[in-house]
Structure formats: C-alpha cells, structure tokens
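Novice: just the structure for this:
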Amino acid sequence: MIKAVIFDMDGLMLDTEVILNRFWRQASADFGFEMKPHHPLAIRSMCRYYSEPYLKRELGEDFDYQAVRAHRIELMNAYLAEHGIPKKKGLDKLLDWLKDNGIKRAVCTNTDIEQTKKYLTEVGVLDKFDELICGNMVKVGKPAPYIYINACERLGLDPRECLALEDSPNGVISAATAGLNVVMIPDQTEPTEDIRPLLYGCCESLDRVIGLLEKE
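Specialist: Reported below is the predicted structural model:
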C-alpha cells in the first residue's frame, strides 16, 4: 500500500524545464559556447557532481560551469519574475486528493531549499507538503539514490511504501535505485527502452496518478 507520494519539482510540478533548456543555451552562448538542445535535456534532474563533467566532456574542459550556471539562474529568474512560474496540469487536484486520503506528500529536487520554497510558495502549494528534501541537503543528488533514501527516512517509511513521481530519466533512475515505485510523467521526452523496466507506471498528467493509486 502506498503511504507517501514524493514529487520532483522542475518539469514535474512546474513547467520550467523548457525554460531551463532555453536559458542554459543562452547563458552558454553568452560565454562563447554552443550548447545543443540535447545537452540541457541530458542534465535534467542531474546534480552538479554529474552535470559539470558531462558538459565539460561535451563542450570542452574550458567550459566554466559555475559561471554559466550562475548566469543561467539570473536569466531565468528575470524571466520568471516577469512572466510567473507555470504550473503543471493536475498538480492541485492530485495534492488535494492525497491529503484527503491520508497519503503523505514530499518533494525531492536537486534545486536548493531556498529556491524550492520560493517557487512552491509562488504557485501556492508549499503548505501542501509534509517534507522538502533538496539538493543542498545531500552530498550527491540525482541520479544517485541518496536524496530519495533521505526522503523515506524523514517520512519514516520503507521505500516500497512510497511512490516517486518523475519527469526525466535521471530522476527515474534515482528513485528506482533507492527502491521506490516510480511513475513517470514525461516532459519533453518519452521513457526510453532502458527506462521503461524501472517504471511502476507512466501517466500523461499528474491528475492521472489518482487512477493508479485508486487501484492499490
């Protein structure tokens, strides 16, 4: 029986991965590097421990990850301040259903705790979660499993009692390696053949997860 549902944030609850893709490429270009569309896709839900060496391999050892990332954050924050943070379909409906049915809710994201609280406050859902486990709270984030292991420990639950919701392959790998049941709500790319065996299910939107849980 599922006793907790654990949510990724960017691309899962917030429709921000397309924006991340855009500004990773723009920030890289401003520093003289040509980042292709597949590069930001590859580092979705990937912490710096993995993403920095990946981008250096792809773009060159002189790629200044820290400076480009800081510039990307500035560009993205300015855009979101002007246009607002887009929320994914079905988020509020799913969160309310989980609360009504006594199922715990947590967030597992590589984003730091301050930014996570800011984003979730702005879209009006921060108070709907029992726990926030963020990238700066673990030594190594996704796709390593530690952030999900930490989440289960904080919730006081066995990983098999938890359902993880992820939009990207790296997030799926993190949760599956930690032993959770994983449902993918794809954003920008569909699950590949190597990812499908790791999934408990796949839904086109967050509200469709309710149907899976009602079958439990």
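Novice: how about the host helix or strand of Pro53 as PDB, C-alpha atoms only?
Specialist: Under the criterion of DSSP states H and E, Pro53 resides in helix 48-59. The C-alpha trace of helix 48-59 is given here as PDB (Å, rounded to 0.1, in the frame of the first residue of the first chain):
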ATOM      1  CA  ARG A  48      26.400  19.300 -10.400                       C
ATOM      2  CA  TYR A  49      28.500  16.300  -9.400                       C
ATOM      3  CA  TYR A  50      27.400  14.600 -12.700                       C
ATOM      4  CA  SER A  51      26.400  17.500 -14.900                       C
ATOM      5  CA  GLU A  52      29.600  19.500 -14.700                       C
ATOM      6  CA  PRO A  53      31.900  16.700 -16.000                       C
ATOM      7  CA  TYR A  54      29.300  15.800 -18.600                       C
ATOM      8  CA  LEU A  55      29.100  19.400 -20.000                       C
ATOM      9  CA  LYS A  56      32.900  19.700 -19.900                       C
ATOM     10  CA  ARG A  57      33.200  16.500 -22.000                       C
ATOM     11  CA  GLU A  58      30.600  17.700 -24.500                       C
ATOM     12  CA  LEU A  59      31.600  21.400 -24.700                       C
END
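Novice: just how off-centre is that helix within its chain?
Specialist: 18 Å (C-alpha atoms, centre = their mean, to the nearest Å).
Novice: quick one: buried residues of it?
Specialist: Going by neighbour count (16 or more other C-beta atoms under 10 Å), the buried part of helix 48-59 is 48, 50-52, 55, 59. Glycine gets a C-beta too; all of them are placed from N, C-alpha and C.
Novice: again, but for stretch 186-197
Specialist: Neighbour-count burial for stretch 186-197 flags 186-187, 191, 195 (criterion: 16+ other C-beta under 10 Å).
Novice: from those residues, which is closest to Arg208?
Specialist: If you rank the buried residues of stretch 186-197 by distance to Arg208 using C-beta to C-beta, Pro186 comes first, at 11.8 Å.
Novice: contacts only, for the nearest residue to Pro169 once chain neighbours are set aside.
Specialist: Using C-beta to C-beta, 6 or more residues apart in numbering and skipping the chain neighbours, the partner closest in space to Pro169 is Ile195 (5.1 Å). If you count contacts by C-beta atoms under 8 Å, 6 or more residues apart in numbering, Ile195 has them with 169, 172-173, 184.
Novice: just the buried ones from those?
Specialist: 169, 172-173, 184.
Novice: tell me which helix or strand comes right after the biggest helix by length in the chain.
Specialist: Ranked by residue count under DSSP state H, the longest helix found in the chain is helix 65-83. Next in sequence after helix 65-83, counting helices and strands by DSSP H and E, comes helix 91-100.
Novice: what's that following helix packed up against?
Specialist: Helix 91-100 sits against strand 104-109, helix 209-214, with contacts defined as 3 or more C-beta pairs under 8 Å, 6 or more residues apart in numbering; DSSP states H and E.
Novice: tell me the angle of the first one relative to helix 91-100?
Specialist: I take that to be strand 104-109. Note on geometry: by axes from the mean of the first three to the mean of the last three C-alpha atoms, to 10 degrees, strand 104-109 and helix 91-100 are set 140 degrees apart in direction.
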